[in-house]
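Q: Using only what follows, build the 3D model:
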Amino acid sequence: MDTPLHGRFQIRNATAAIVAARRLSSGKLKIAREDIVEGLAETRWEGRLEPVRVCPLVVLDGGHNPAAAREIALFIREQWQGRRVRMVYASMRDKDIGEISEILFPLVEEIYLTQPPGQARAATPEEILSAARFRPARVGLEPDPAKGLALACDACAPGDVVLACGSLSLVGALKTVLARRRLPLLISV
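A: Okay, here's the model as predicted:
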């Protein structure tokens with residue numbers, strides 16, 4: 001599935017890249033305008049608001065700090081207003097789970113807390129729940145990220161959204177499952 005850049009932060013990043021390229025072009029290094037345009041058109045940032053399924057819409061994001069959570073929250077409010085959002089969330093123990101929960105968790109109807117495999121730093125679902133300063137009414141604890149994602153998808157109605165976020169390791173684990181086609185109906189990238 002095509003992975004264009006989504007979210008305002010991506011626009012700001014692209015703008016910064018354009019400005020840098022133009023400034024470099026004013027010196028000895030020449031970068032043609034066409035090359036900048038082509039570079040932007042071909043840019044993909046996997047794991048940042050990356051759609052991997054259409055119905056329900058499933059999006060992966062590796063944002064793992066409060067700044068990233070604020071960008072994700074803004075995107076949810078702007079792009080998914082009026083849609084029910086379910087979240088699959090994982091985090092490392094050393095991240096600010098409390099603040100992130102206050103930013104993201106109020107925006108979702110249901111959350112599945114999980115843990116990416118093979119990560120000694122990863123918080124367990126129970127540790128995430130304990131550290132969360134905001135808890136949605138419906139919380140599921142599912143240690144297996146693929147099962148958490150499948151449960152979230154199964155609970156969806158048409159038009160609902162599933163956002164898997166909070167850890168690059170979570171995104172990696174889910175992309176591995178997708179690549180092996182072990183999660184039905186998902187569109188592998």
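
Q: Tell me the confidence at the residue lying farthest from the centre of the chain?
A: Most distant residue from the mean C-alpha position of the chain: Lys28, 38.7 Å away (CA atoms, centre = their mean). Lys28 carries a pLDDT value of 76.

Q: Equivalent analysis for Val139, please.
A: With respect to pLDDT, Val139 scores 97.

Q: Work out for me the element the closest residue to it other than its chain neighbours sits within.
A: In space, Val139 comes closest to Ile111 once its chain neighbours are excluded; the distance is 5.4 Å by CB to CB, 6 or more residues apart in numbering. For the C-beta atoms, the positions are set from N, CA and C on the backbone; glycine is no exception. Using DSSP states H and E, Ile111 sits in strand 110-113.

Q: Quick check: buried residues in that strand?
A: For strand 110-113, the neighbour count (16 or more other CB atoms under 10 Å) marks Glu110, Ile111, Tyr112, Leu113 as buried.

Q: Paired strands for that strand, with orientation please.
A: Partner strands for strand 110-113, per DSSP bridges, with pairing direction: strand 85-89 (parallel), strand 138-141 (parallel).

Q: Now do that strand, average pLDDT.
A: 97.

Q: Stretch 60-75 too?
A: On average, stretch 60-75 scores 94.
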